[in-house]
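Asker: just the structure for this:
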Amino acid sequence: MTNDKIRTVTTPADQDLFLDVPARVYGNDPNWIPPLRSDVAKQFAPDNPFFGYGKLQQFIALDSSHPSQAVGRIVAAVNQRLIEREGKTVGLFGFFECVPDCAIAQSLLNAACQWLREQGMTVARGPIDLSTHNNCLFLVDGFDTPPMVMMPYNPPYYPEFLEKDGWQKAKDTYAYDFPLDKPLSDKFKKAYQIACKSGITFRPIRTKGEGFEQDCISLYHLFNRAFANNWSSAPRTEAEFLEEAKSLQSLVDPDVFPIAEDKGEMIGFFMGLPDYNIPLKHVKGKLNWLGILKFIWHRRQIDQGRVIAIASLPEYRRKMVPLALIYLGMQGGIKKGKPYKRAELGWVWEDNFPSRKLIEASGGTIYKTYRIYEKTL
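Answerer: Below is the predicted model of the structure:
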């Protein structure tokens, strides 16, 4: 199948075709977890805060034999915050999905790159769905297991399509597998004891009412300080951060989300989440009343979790706060009554050697590799 009929998304009908593409691409893939259709659609709603500092264009590739169906999609985006931070005119592509046809993929990529050129961009980077705070990265190794919560997944041919189209690796990142049946080294418990003796206090995140909102505001400011230099990342507004936090509020397990404080100020955290992809797989992208019932029923099957981030202000690393947080997070995961058998830690950029050293010392091993690509326009 080949098809060069690329169309910009301008109508509700086009938007439906855009949202339908993943089901066609992954219909027979047992490892695919359908995203919530409403969550994807929300990214293009006029009230998305992104439109306050960026612009985008959606494209679909139509099936030449069935013009009422789409066989591919892509979004080109300009994130002004990222441009200001990096000091160069870098544009993004994301939301890429395509049937196994290289010609269609190249047509979509060409359409996105041409739009970015028209906006004055000189470099294209992706896949990044508007921001690295959203879905991003192509999986390039580790296709044998489903993705954990909030992690990407794609067919093995996506990276091949980009490389055939002249895209270059910009940077790799890793996910680490961490079986919970192996005890941590004693140095992690000792680190916790040292941190406590130095005056650091630890507690679980609060998950209800005003306490949750206060903790989220503190997390937002700590995120911005701890991850200020993350590659290809631009800061979110407080409103954006809080909106995402509220969407995850009911999913948080406080036992795997410890917080470190010094005199009442948050100075570190270990952000673990149960792997809600396990029940989401059965929802099939729609959280209607039936989907909610299926989610509630299948969430009992959750037996693994993902560590999204471990953060500490630099001045507290000598007080062993990162190691203490790992100790508490892992202890919370294996306490009596908890279902977790393994954890995933990631993602971690390949050149983030301090974090990688810490994770590998904890017993983590790389089991999935992801990649961001770039191309000169």
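
Asker: what about the strands in the stretch 251-377 of the chain?
Answerer: 258-262, 265-274, 304-312, 342-349, 365-376 (DSSP state E, counting those that start in this stretch).

Asker: between the ones you listed, which gets nearest to residue 51?
Answerer: Closest to residue 51 of the strands of the stretch 251-377 of the chain is strand 365-376 (Cβ to Cβ; 23.4 Å). Every C-beta, even on glycine, is put in place using the N, C-alpha and C of the backbone.

Asker: buried residues, that closest one. List them.
Answerer: Using 16 or more other Cβ atoms under 10 Å as the test for burial, strand 365-376 gives 366-375.

Asker: need the strands of the stretch 251-377 of the chain in JSON lines with mean pLDDT, can you?
Answerer: Formatted as JSON lines, the strands of the stretch 251-377 of the chain follow (pLDDT from 0 to 100):
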{"stretch": "strand 258-262", "mean pLDDT": "97"}
{"stretch": "strand 265-274", "mean pLDDT": "95"}
{"stretch": "strand 304-312", "mean pLDDT": "93"}
{"stretch": "strand 342-349", "mean pLDDT": "92"}
{"stretch": "strand 365-376", "mean pLDDT": "98"}
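
Asker: I figured residue 15 hits residue 21, correct?
Answerer: No. With contact defined as Cβ atoms under 8 Å, residue 15 does not count as touching residue 21 (11.3 Å).

Asker: need the overlap of contacts for the two.
Answerer: Residues touching both residue 15 and residue 21 (Cβ atoms under 8 Å, 6 or more residues apart in numbering): there are none.

Asker: poorly predicted segments of the stretch 151-300 of the chain, please.
Answerer: Of all residues in the stretch 151-300 of the chain, none has pLDDT under 70.

Asker: if we go to 90?
Answerer: Applying pLDDT under 90 to the stretch 151-300 of the chain flags the ranges 179, 181-185, 223-244, 246-251, 279-300.

Asker: which stretches of it form helices?
Answerer: Secondary structure of the stretch 151-300 of the chain (DSSP state H, counting those that start in this stretch): helices located at 157-164, 186-197, 209-226, 238-248, 277-283, 289-298.

Asker: nearest to residue 134, of these?
Answerer: Judged by Cβ to Cβ, the one of these that comes nearest to residue 134 is helix 238-248, at 9.2 Å.

Asker: how about residues contacting that closest one?
Answerer: The contact list for helix 238-248 (Cβ under 8 Å, 6+ apart) reads 49, 133, 212-213, 216-217, 219-220, 223, 273.

Asker: please name the residues that touch the closest residue to residue 224 other than its chain neighbours.
Answerer: Spatial nearest neighbour of residue 224, excluding adjacent residues (Cβ to Cβ, 6 or more residues apart in numbering): residue 235 at 5.4 Å. Neighbour list for residue 235: 81, 224, 228 [criterion: Cβ under 8 Å, 6+ apart].

Asker: tell me which of the residues you listed is nearest to residue 294?
Answerer: Checking the contacts of residue 235 one by one against residue 294 (Cβ to Cβ), the nearest turns out to be residue 224, at 36.8 Å.

Asker: so residue 20 sits against residue 70, correct?
Answerer: Yes. Counting by Cβ under 8 Å, residue 70 is a contact partner of residue 20 at 6.3 Å.

Asker: more crowded one of the two?
Answerer: Counted by other Cβ atoms under 10 Å, residue 20 and residue 70 do not tie: residue 70 has more neighbours, with 27 against 16.

Asker: okay, now the domains of the protein?
Answerer: 6-173, 182-340 (automatic domain parsing).

Asker: next, the distance between the ends of the shortest one.
Answerer: End-to-end distance for domain 182-340: 13 Å, by Cα to Cα, to the nearest Å.

Asker: cool, and the first one?
Answerer: Counting by Cα to Cα, the length from the leading to the trailing residue of domain 6-173 is 31 Å.

Asker: how far is it from where the chain is centred?
Answerer: Put simply, domain 6-173 sits 14 Å off its chain's centre (Cα atoms, centre = their mean, to the nearest Å).

Asker: now swap in stretch 193-204 and tell me
Answerer: In terms of Cα atoms, centre = their mean, the centre of stretch 193-204 is set 30 Å apart from its chain centre.

Asker: picking that back up, nearest to residue 121, of the buried residues of strand 365-376?
Answerer: Residue 121 has its nearest neighbour among the buried residues of strand 365-376 in residue 375, at 10.6 Å by Cβ to Cβ.

Asker: so who does the closest one touch?
Answerer: In this structure, residue 375 makes contact with 113, 123-124, 165-168, judged by Cβ under 8 Å, 6+ apart.

Asker: ranking the contacts of helix 238-248 by neighbours, who comes first?
Answerer: So for those (other Cβ under 10 Å), the most neighbours sit at residue 219, 22 neighbours.

Asker: show the contacting residues for the residue nearest to that one when sequence neighbours are not counted.
Answerer: Distances taken as Cβ to Cβ, 6+ apart place residue 269 nearest to residue 219, at 6.5 Å, with adjacent residues excluded. Counting by Cβ under 8 Å, 6+ apart, residue 269 touches 205, 219, 222, 257-260, 309-311, 325.

Asker: now distance to residue 193 too, for the residues you listed, in JSON lines please.
Answerer: Formatted as JSON lines, the contacts of residue 269 follow (distance: Cβ to Cβ, whole Å):
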{"residue": "205", "distance to residue 193": "22"}
{"residue": "219", "distance to residue 193": "25"}
{"residue": "222", "distance to residue 193": "23"}
{"residue": "257", "distance to residue 193": "21"}
{"residue": "258", "distance to residue 193": "15"}
{"residue": "259", "distance to residue 193": "18"}
{"residue": "260", "distance to residue 193": "14"}
{"residue": "309", "distance to residue 193": "24"}
{"residue": "310", "distance to residue 193": "19"}
{"residue": "311", "distance to residue 193": "21"}
{"residue": "325", "distance to residue 193": "13"}
